[in-house]
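Trainee: no FASTA, just this:
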């Protein structure tokens, strides 16, 4: 079994050389009681126990802390400017700003009319679809009623413009004749409303006999107050339904004929650009003027003054009201 020696580890020669050099430089002599380098080092270090460390004044401490804070702030500022310098610069002058603004305004001025036109076109096509649906319903009605167009208790001389009013339980308005398609379940009443008619009711039902008032009517229907009922197949080019007639309006008590207006005035439903017209054949056409095969669909042939009791002159005379 190996015995461990109790002798201290020898001192590193490099430490001994360093002590000797320090003693030589500082002229420190060796006292008789200092018999070894270890003792010399111990005596040197013991002097540190008696060395009084001066206390730093408060002003020095505060000044040092301020310098540290200032240094950190300078570092942050430097990093911020450095990051900005790395970003691409976009110098813009006032003329350039004005040019950009002009381009934006131009885009808006061009874009809004296009959006409006597309919206109007969509409503026009929806209106065209309504008339096509009405044409199909009218054909079914005619098949069930010996070819006759929708016609209630129409009496020659009745006031075709008095929408929603009755006289001795007899419907007077020509629009009530058209409403028969809804009452007898040939068509949904909402299909008889033009998307561009802001006064069109949203709550039309099949139980109603007519629209509630003049402005609620979206489409003008072939006048049914002739002495003889008109059959749908008598003239397939006859206009039987179209956007609202613009030459008449009623204020509840009186009918007004806009005689001073151009008789070929387009309907107001589509910004006076034209009107959708349903023919007896079931086809729908878009026309910029209200003339079909030489016949003005807004007026009775040969009549200039209107009282509201007029009727077509013949089976070929279109007179769409109200």
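Mentor: Happy to help now that I have it. Just so it is clear, the model here is predicted, and its values are computed rather than measured.

Trainee: only C-alpha atoms for contact and neighbour calcs from this point on.
Mentor: Fine.

Trainee: pLDDT wise, what is residue 118 at?
Mentor: In this model, residue 118 is scored at 67, pLDDT.

Trainee: now residue 164
Mentor: Model confidence at residue 164 (pLDDT) stands at 87.

Trainee: From residue 318, how far out is it?
Mentor: 23 Å (CA to CA, to the nearest Å).

Trainee: Between these two, which has more neighbouring residues?
Mentor: Between residue 164 and residue 318, residue 318 has the larger neighbour count (other CA atoms under 10 Å), namely 27 against 19.

Trainee: from memory the more buried one sits against residue 311, does it?
Mentor: No. Residue 318 lies out of contact with residue 311 (CA atoms under 8 Å); the separation is 9.6 Å.

Trainee: Name the residues contacting each of those two.
Mentor: Counting by CA atoms under 8 Å, 6 or more residues apart in numbering, the common neighbours of residue 318 and residue 311 are 223, 300.

Trainee: burial count for residue 205?
Mentor: The burial count for residue 205: 15, using other CA under 10 Å.

Trainee: Without its sequence neighbours, what residue ends up closest to it?
Mentor: The shortest distance from residue 205 to any non-neighbouring residue, by CA to CA, 6 or more residues apart in numbering, is to residue 189 (6.5 Å).

Trainee: what's near enough to touch that neighbour?
Mentor: Counting by CA under 8 Å, 6+ apart, residue 189 touches 179, 182, 204-206.

Trainee: and those, which are buried?
Mentor: With burial judged by 16 or more other CA atoms under 10 Å, the buried subset of those is 179, 182, 204, 206.

Trainee: Let me have the contacts of residue 189 in TSV, extended by pLDDT.
Mentor: Shown next, in TSV, are those (pLDDT from 0 to 100):
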residue	pLDDT
179	96
182	96
204	92
205	92
206	92
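
Trainee: what's around residue 210, how many residues?
Mentor: When neighbours are counted by other CA under 10 Å, residue 210 registers 27.

Trainee: doesn't residue 163 make contact with it?
Mentor: Yes. If you go by CA under 8 Å, residue 210 and residue 163 touch, sitting 7.0 Å apart.

Trainee: Quick check: closest non-adjacent residue to residue 196.
Mentor: residue 269 (5.8 Å).

Trainee: What about the one you found, how many residues nearby?
Mentor: For residue 269, using other CA under 10 Å, the count is 24.

Trainee: now swap in residue 163 and tell me
Mentor: Residue 163 has 24 neighbouring residues, counting by other CA under 10 Å.

Trainee: Quick one: mean pLDDT for stretch 225-242?
Mentor: 93.

Trainee: same check, this time on stretch 272-281
Mentor: 96.

Trainee: So in that sheet, which strands flank the helix or strand containing residue 278, and in what orientation?
Mentor: Under the criterion of DSSP states H and E, residue 278 resides in strand 275-279. Strand 275-279 has these partner strands in its sheet, going by DSSP bridges: strand 239-243 (antiparallel), strand 284-287 (antiparallel).

Trainee: Return the most buried member of those.
Mentor: Across the strands paired with strand 275-279, averaging neighbours per residue (mean count of other CA atoms under 10 Å) puts strand 239-243 on top, at a mean of 28.

Trainee: quick one: contacts of that strand?
Mentor: 131, 194, 218-222, 267, 269, 275-280, 292, 297, 318, 320.

Trainee: now do 7 Å
Mentor: With CA atoms under 7 Å, 6 or more residues apart in numbering as the test, strand 239-243 has contacts from 218-222, 267, 269, 275-280, 297, 318, 320.

Trainee: Which two of the residues you listed have the greatest separation?
Mentor: Across those, the longest distance by CA to CA is 21.5 Å; it joins 269 and 280.

Trainee: For the helix or strand where residue 133 lies, name the packing helices and strands.
Mentor: Here residue 133 sits within helix 94-144, counting by DSSP H and E. Here helix 94-144 touches strand 275-279, strand 284-287, going by 3 or more CA pairs under 7 Å, 6 or more residues apart in numbering; DSSP states H and E.

Trainee: run the last query once more with 10 Å
Mentor: When contacts are defined as 3 or more CA pairs under 10 Å, 6 or more residues apart in numbering; DSSP states H and E, helix 94-144 packs onto helix 174-183, strand 239-243, strand 275-279, strand 284-287.

Trainee: elements contacting the longest one?
Mentor: Taking 3+ CA pairs under 10 Å, 6+ apart as contact, the helices and strands that helix 174-183 lies on are helix 94-144, strand 219-222, strand 320-321.

Trainee: looking at these, which is buried most?
Mentor: Scoring those by mean neighbour count under mean count of other CA under 10 Å gives strand 320-321 as the most buried, with a mean of 28.

Trainee: If anything else comes up later, I'll come back, but that's it for now.
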